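J.: sequence plus the predicted model coming up.
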Amino acid sequence: MKIKAPAYIYEDIKLMLKALGGKAENIAFFGSVLDQPFEKTHDIDIAIFVKDMPLATAKQLLENEVFSLPVRIAKANGSYVAPTNKQQARDYHVVLLSQENPNQMFMSINQNHMIYLNGMSLTEQKSPLDNNKLRSNVGVAA
């Protein structure tokens, strides 16, 4: 399966990767963007797997950047951050996950429904994560 994303989304993803300074190991789309065209989704769900960086640091780095759309960033490893207003304009919903220890619940729900970024081409791939790494994440900083 291949999905088409508007050019500005690719540019924003490049900015996200640059902001994380090479600490993003994998990035994937998930959620409603896989079921309908980008133009019809109210949010664009993006999972970023970070290695060798506290998730709180990654969150702060992304919050300091300006993207084409507003960004909601999960406060912990795989937690959901609901929009503050249901009528809110379109935005990115970014979920930060530890590459070494991704959130078990998030992965069990989404692992088979993610499109991983391969270069700047989006193609459906098997999760690059080893199933043995799926365990709970107690004590992840918010």
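T.: That came through, no problem.
J.: list the buried residues for the helix or strand Lys14 falls within?
T.: Using DSSP states H and E, Lys14 sits in helix 7-19. For helix 7-19, burial by neighbour count (16 or more other CB atoms under 10 Å) applies to 9, 12-13, 16, 19. Heads up, the C-betas are built off the backbone N, CA and C, glycines and all.
J.: contacts for the helix or strand where Arg72 lies?
T.: Counting by DSSP H and E, the element that carries Arg72 is strand 71-73. For strand 71-73, the surrounding residues in contact (CB atoms under 8 Å, 6 or more residues apart in numbering) are 43, 59, 62-63, 65, 81, 83, 91-96.
J.: now, of these, which are buried?
T.: 43, 59, 62, 92-96.
J.: could you dump the buried residues of helix 7-19 into JSON lines and include distance to Pro54?
T.: What follows is those, written out as JSON lines (distance: CB to CB, whole Å):
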{"residue": "Ile9", "distance to Pro54": "26"}
{"residue": "Asp12", "distance to Pro54": "23"}
{"residue": "Ile13", "distance to Pro54": "21"}
{"residue": "Met16", "distance to Pro54": "17"}
{"residue": "Ala19", "distance to Pro54": "15"}
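J.: just to revisit the earlier point, tell me which of the contacts of strand 71-73 is nearest to Met107?
T.: Distance to Met107, by CB to CB, is smallest for Val95 among the contacts of strand 71-73, at 10.6 Å.
J.: just say helix, strand or coil for that closest one.
T.: Put simply, Val95 is strand when judged by DSSP: H, G, I helix; E, B strand; the rest coil.
J.: isn't it right up against Ile48?
T.: Yes. In this structure, Val95 is within contact of Ile48 by CB atoms under 8 Å, at 7.2 Å.
J.: ranges for the helices of the protein?
T.: 7-19, 55-63, 104-110 (DSSP state H).
J.: just for the chain, where's the confidence low?
T.: Within the chain, the stretches with pLDDT under 70 are 1-3, 75-89, 118-142.
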